[in-house]
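A.B. asks: This is the structure alone, sequence omitted:
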């Protein structure tokens, strides 16, 4: 199978589910620094280990269901009593988006996608890490968008997108030659 073949949504969801189980909610209240997960000094995002465990379990359960949606996860988080409606929605949207993108990255690599770029959301406002990732332009499929990771979401409520490129895309031509060497 290659990137021009139809990729079933169930394959993407399986990869997303695997990612979510492994990493669910670890970024809430944490951040990556030189490959190490550390406490985020922004206190409004800090949470306890107990809260993190509740979130991990909620995300895991949401992805265990066929067709799990951010609304389902948001409801689970809110019902746990640890966060109110707005924060539960933000966490659900962000974690589901992160898992979907990571699942898509795994699948894209398996079907021959060679490059990617980050695209700003139409709702994007203000200069932030999203702009930094988009400014990198086209990068190899296995590369990160600098310190911001392998793809969006780059922050809570991020609505940016990842665009996959194959050898047939003009934007990816520099990577076609690199793959051949």
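C.D. replies: Done, it's in. In this text, all values refer to a predicted model and were calculated from it rather than measured experimentally.
A.B. asks: Based on its surroundings, how many neighbours for residue 79?
C.D. replies: By other CB atoms under 10 Å, 10 other residues sit near residue 79. Quick note: C-beta positions are derived from backbone N, CA and C, even for glycine.
A.B. asks: what's the answer for residue 174, then?
C.D. replies: For residue 174, the tally of surrounding residues (other CB under 10 Å) stands at 11.
A.B. asks: now it: how far from residue 49?
C.D. replies: 44 Å (CB to CB, to the nearest Å).
A.B. asks: Could you look up the SS state of residue 123?
C.D. replies: Under the three-state scheme (DSSP: H, G, I helix; E, B strand; the rest coil), residue 123 adopts coil.
A.B. asks: how about the nearest residue to it, chain neighbours excluded?
C.D. replies: Using CB to CB, 6 or more residues apart in numbering and skipping the chain neighbours, the partner closest in space to residue 123 is residue 159 (5.7 Å).
A.B. asks: show me what contacts that neighbour?
C.D. replies: Residue 159 is in contact with 97, 121, 123, 124, 152, 153, counting by CB atoms under 8 Å, 6 or more residues apart in numbering.
A.B. asks: Look up how far residue 82 lies from the nearest residue to the second one once chain neighbours are set aside.
C.D. replies: It stands for residue 121. Ranked by CB to CB, 6+ apart and with sequence neighbours excluded, the top spatial neighbour of residue 121 is residue 159, at 3.8 Å. Distance of residue 159 to residue 82, computed by CB to CB: 24 Å.
A.B. asks: ok, now residue 98?
C.D. replies: Residue 98 is 19 Å from residue 82, by CB to CB.
A.B. asks: Make CSV from the contacts of residue 159 and add distance to residue 137, neighbour count and pLDDT to it.
C.D. replies: Converted to CSV, the contacts of residue 159 look like this (distance: CB to CB, whole Å; neighbours: other CB atoms under 10 Å; pLDDT from 0 to 100):
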residue, distance to residue 137, neighbour count, pLDDT
97, 22, 20, 85
121, 17, 14, 90
123, 21, 8, 87
124, 17, 15, 86
152, 15, 25, 93
153, 19, 25, 91
